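# here are the coordinates; sequence isn't available:
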């Protein structure tokens, strides 16, 4: 196995461990959020291995560095302690969960192998900030401008929702 | 590419399943939101994998859009959580299910 | 290849952590003392030799190592230990992309004096800087203490606000040099440009008189982006909670804020992280705005071409390498001095003043900087 493959499996294991740590952690929401950070950073590493450099570094900068901090803010602001919650939803959800994972595993083992051919050789500078930036500002300019409007709407919405009273 | 695309998609599927299980099975609204984030990340991983497979940068543009949408959704979602907490003193979704059957 | 990377890593880590870090604590005390017209700490001695207080850093380390590591009751032990670790890692890891020398050709091998020459070097610095937020966030929560939580909330909101403006204030610099790669940016600052060249460019003068041609400035970031320099220095000092932006660890208000419940070597890690940031900030600002390893008015080509006839090409390149590394260290020392000067001159800013400064002053100014820089670049391109 090449070094890159070893790194990929290591990051994959970390990502799954972080995900499980976040979902299974009943008592401590902050520890769950830190597990999510572990997943995000591991996925950032996977993106870099897949030659998506700009997306990888933006994943760490935006997702791990800002979005999960926002989660932590709210948990700390509302001073939520884990013991406040009783037993989680039983029965039905667990059966559903096991069924979904079983279906996925079947899919991975029987359908996926050999489904895709060899990867295409990417053009020069693929995944770097120049190629992505150029595409973003020429072909996908409309999407880019619309996301700026979306962010403005989200900002206004968050301020309005979190205000104490509308005056 | 470091590993065959099947492995990347398998990881993406696994993370999506974990996120979906978390969103369905947990009662804490903040953990539900974090599980949704995990699902969005799984989708991003699949997009990046395919972008590398076909050598098309459009997949990564899509990922940037998904990251932006996730950021906006988290912002508003946490605003809702704060508003809910202010009214009910709880973020347990079982206690905020008045409109259900 | 691996050996080369390991040697470079050892060099920069040993110089930064082994040489600069103990000196920074000494510089902090002595510079404060000189600025405040007193003597400063000079009592630590080994068998009577006092060495003007240079043994105090060693005394500090011994003290921190031998103190008891107290974890408060009700605190989360894992997170309590994790927080200082998360704090110190970004400080060290940022050094991986900072060039402490240029590219040198010795025969058929090229030596590039940077540990990791990644294409998106500056984005990497911003990304690891954003991870540093978690150290402050977790420290306050894990201490099970109201004052720690308060300091931690202040710290995290300050850090994420200044991250945004930190990125925006150097966008102008990226536009001017056309690259995110730090070694390339330092190499681009190795040249000089005519100070009055704009007269010729705008067509106001046909050709500059020959005697004005020698009036050149090195193409440093500070001359090409002066506003960017001021904004970036402010933002990065606020990001690392250096005074005057140290409201989160307000020693007189909330008793050390999120550091409060940390003792012994855990506090030692926070302490090290904060003091290691000082030369790292110095190195980063030197690379971006002060030409990094470049010697002003003496570019690498001129130096090598000048020395080669007398001593040979290998010696010339080696001398160049040495002079460049020395030049880089001199700039780092100067910027450390500048940060200490700012620290001991300005009083602490109130927390709401800190946030106002970021969102109401620095953000609009950095956006204006981007627009003006873009406009000027287009204008110069059109006129060429």
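Everything's here; your move. Given the structure is predicted, the values throughout are model-derived calculations rather than measurements. Numbers count the residues shown, from 1 in each chain, chains lettered A, B, ... in the order given.
# And the average pLDDT for the longest helix anywhere in chain B is what?
For chain B, the helix with the greatest residue count under DSSP state H is helix B:58-88. Mean pLDDT, computed over helix B:58-88, is 92.
# Check which helices and strands that helix sits against.
The helices and strands touching helix B:58-88, judged by 3 or more C-beta pairs under 8 Å, 6 or more residues apart in numbering or on different chains; DSSP states H and E, are helix A:53-58, helix A:68-77, helix A:129-138, helix A:141-162, helix B:29-54. Bear in mind the C-beta positions are built from the backbone N, C-alpha and C, glycine included.
# List the buried residues in the shortest one.
Going back to what we said before, that points to helix A:53-58. Buried positions in helix A:53-58, judged by neighbour count with 16 or more other C-beta atoms under 10 Å in any protein chain shown: A:53-58.
# now residue B:55: how far from residue A:46?
Here residue B:55 is placed at a distance of 18 Å from residue A:46 (C-beta to C-beta, to the nearest Å).
# likewise residue C:224?
38 Å.
# Give me the more crowded residue out of those two.
Comparing residue C:224 with residue A:46 by other C-beta atoms under 10 Å in any protein chain shown, the one with more neighbours is residue A:46, at 27 against 20.
# Excluding chain neighbours, what is closest to that one?
Nearest residue to residue A:46, sequence neighbours excluded (C-beta to C-beta, 6 or more residues apart in numbering or on different chains): residue A:11, at 4.9 Å.
# what pLDDT does the one you found get?
pLDDT recorded at residue A:11 is 96.
# mind checking which helix or strand of chain A has the lowest mean pLDDT?
Within chain A, no helix or strand scores below helix A:92-106, which has a mean of 77 by mean pLDDT, DSSP states H and E.
# quick one: it near chain B?
Yes - contact of helix A:92-106 with chain B (C-beta under 8 Å from any C-beta of the partner chain) involves A:93-94, A:96-97, A:100-101, A:104.
# Could you list which of those residues also contact chain C?
When C-beta under 8 Å from any C-beta is applied, no member of those is adjacent to chain C.
# before we move on, back to that, next, count neighbours for the residue nearest to residue A:46.
Neighbourhood size, residue A:11 [other C-beta under 10 Å]: 22.
# related to what we said a few turns ago, go ahead and name everything in contact with the least confident helix or strand of chain A.
Residues from elsewhere that reach helix A:92-106 (C-beta atoms under 8 Å, 6 or more residues apart in numbering or on different chains): B:13-14, B:17, B:20-21, B:24-25.
# Dead centre of chain A: give me the residue that sits there.
Computing the C-alpha centroid of chain A and ranking residues by C-alpha atoms, centre = their mean puts residue A:40 first, at 5.4 Å.
# Check chain C for the residue nearest chain A and tell me.
Here chain C gets closest to chain A at one residue, residue C:130, 2.7 Å apart by C-beta to the nearest C-beta.
# hang on, the residue nearest to the centre of chain A in a strand?
No - Residue A:40 sits outside any strand when classified using DSSP: H, G, I helix; E, B strand; the rest coil, being helix.
# Just give the nearest non-adjacent residue to it, would you?
residue A:64 (3.9 Å).
# I figured the one you found hits residue A:47, correct?
No - at 11.9 Å, residue A:64 does not count as touching residue A:47 under the criterion of C-beta atoms under 8 Å.
# more neighbours, those two?
residue A:47 (27 against 24).
# Residue A:124 versus the more buried one, what's the distance?
Distance from residue A:47 to residue A:124, by C-beta to C-beta: 19 Å.
# With residue A:22 instead?
From residue A:22 across to residue A:124, the span is 38 Å (C-beta to C-beta).
# quick one: which of the two has more around it?
residue A:22 (27 against 8).
# in what helix or strand does residue C:110 lie?
When elements are assigned from DSSP states H and E, residue C:110 belongs to strand C:109-112.
# buried sites along that strand?
Going through strand C:109-112 with 16+ other C-beta under 10 Å, nothing comes out buried.
# For the helix or strand just after it, what is the distance to the chain centroid?
Once the chain leaves strand C:109-112, the next helix or strand it forms, by DSSP H and E, is helix C:121-131. Relative to its chain's centre, helix C:121-131 lies at 13 Å (C-alpha atoms, centre = their mean, to the nearest Å).
# can you tell me if helix C:121-131 touches chain B.
No - judged by C-beta under 8 Å from any C-beta, helix C:121-131 makes no contact with chain B; its nearest approach is 13.4 Å.
# quick one: the strands in the stretch 101-250 of chain C?
Assigned by DSSP state E, counting those that start in this stretch, the stretch 101-250 of chain C shows strands spanning C:103-106, C:109-112, C:192-194, C:216-218.
# Show residues contacting the third one.
Outside strand C:192-194, the residues that touch it by C-beta under 8 Å, 6+ apart are C:208, C:212-213, C:215-219, C:297, C:299.
# Considering the residues you listed, which is situated nearest to residue B:37?
Of all the contacts of strand C:192-194, residue B:37 sits closest to residue C:219, with 43.9 Å by C-beta to C-beta.
# wait, residue C:138 sits on residue C:81?
No - using C-beta under 8 Å, residue C:138 is not in contact with residue C:81; the gap is 9.9 Å.
# So those two - more neighbours on which side?
residue C:138 (31 against 15).
# ok, the nearest residue to the more buried one once chain neighbours are set aside - how many residues close by?
Spatially, and ignoring its direct neighbours in sequence, residue C:138 is nearest to residue C:83 (4.2 Å; C-beta to C-beta, 6+ apart). Applying other C-beta under 10 Å, we find 27 other residues in the vicinity of residue C:83.
# So which elements touch the strand or helix carrying residue C:83?
Assessed by DSSP H and E, residue C:83 sits inside helix C:77-93. On a contact count with 3+ C-beta pairs under 8 Å, 6+ apart, helix C:77-93 meets helix A:29-49, helix C:121-131, helix C:133-142, helix C:264-289.
# quick one: low-confidence parts of the chain?
Since you didn't name a chain, this refers to chain A. Flagging of chain A using pLDDT under 70 yields the residue ranges A:81-93, A:165-167.
# try again with chain C
Within chain C, the segments meeting pLDDT under 70 span C:250-256.
# how much distance is there from the host helix or strand of residue B:7 to the middle of the chain?
Secondary structure from DSSP H and E places residue B:7 in helix B:5-25. Its chain's average C-alpha position is 10 Å from that of helix B:5-25, according to C-alpha atoms, centre = their mean.
# Is there a neighbour count for residue 10? I'd like the number.
Using chain A here. The burial count for residue A:10: 13, using other C-beta under 10 Å.
# Let me rephrase: I mean chain B.
Residue B:10 is flanked by 20 other residues according to other C-beta under 10 Å.
# One more: residue C:344?
Neighbour number of residue C:344 under other C-beta under 10 Å is 16.
# In contact with the closest residue to residue C:234 other than its chain neighbours, which residues?
Leaving aside its chain neighbours, residue C:234 sits nearest to residue C:362 (6.4 Å; criterion: C-beta to C-beta, 6+ apart). With contact set as C-beta under 8 Å, 6+ apart, residue C:362 has these partners: C:162, C:165, C:169, C:231, C:234-235.
# among those residues, which are in helices?
Counting by DSSP H, the contacts of residue C:362 place C:162, C:165, C:169, C:231, C:234-235 in helices.
# Throw those residues into JSON lines and include neighbour count, thanks.
Output for the ones in helices among the contacts of residue C:362, formatted as JSON lines (neighbours: other C-beta atoms under 10 Å in any protein chain shown):
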{"residue": "C:162", "neighbour count": "26"}
{"residue": "C:165", "neighbour count": "26"}
{"residue": "C:169", "neighbour count": "28"}
{"residue": "C:231", "neighbour count": "23"}
{"residue": "C:234", "neighbour count": "22"}
{"residue": "C:235", "neighbour count": "26"}
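# Tell me how far residue A:12 lies from residue A:50.
In this view, residue A:12 and residue A:50 are 12 Å apart by C-beta to C-beta.
# Surely residue C:54 is in contact with residue C:25?
No - using C-beta under 8 Å as the test, residue C:54 is too far from residue C:25 to be in contact (10.0 Å).
# what about the two, which has more around it?
The neighbour count for residue C:54 versus residue C:25, taken as other C-beta under 10 Å, is higher for residue C:25 (21 against 15).
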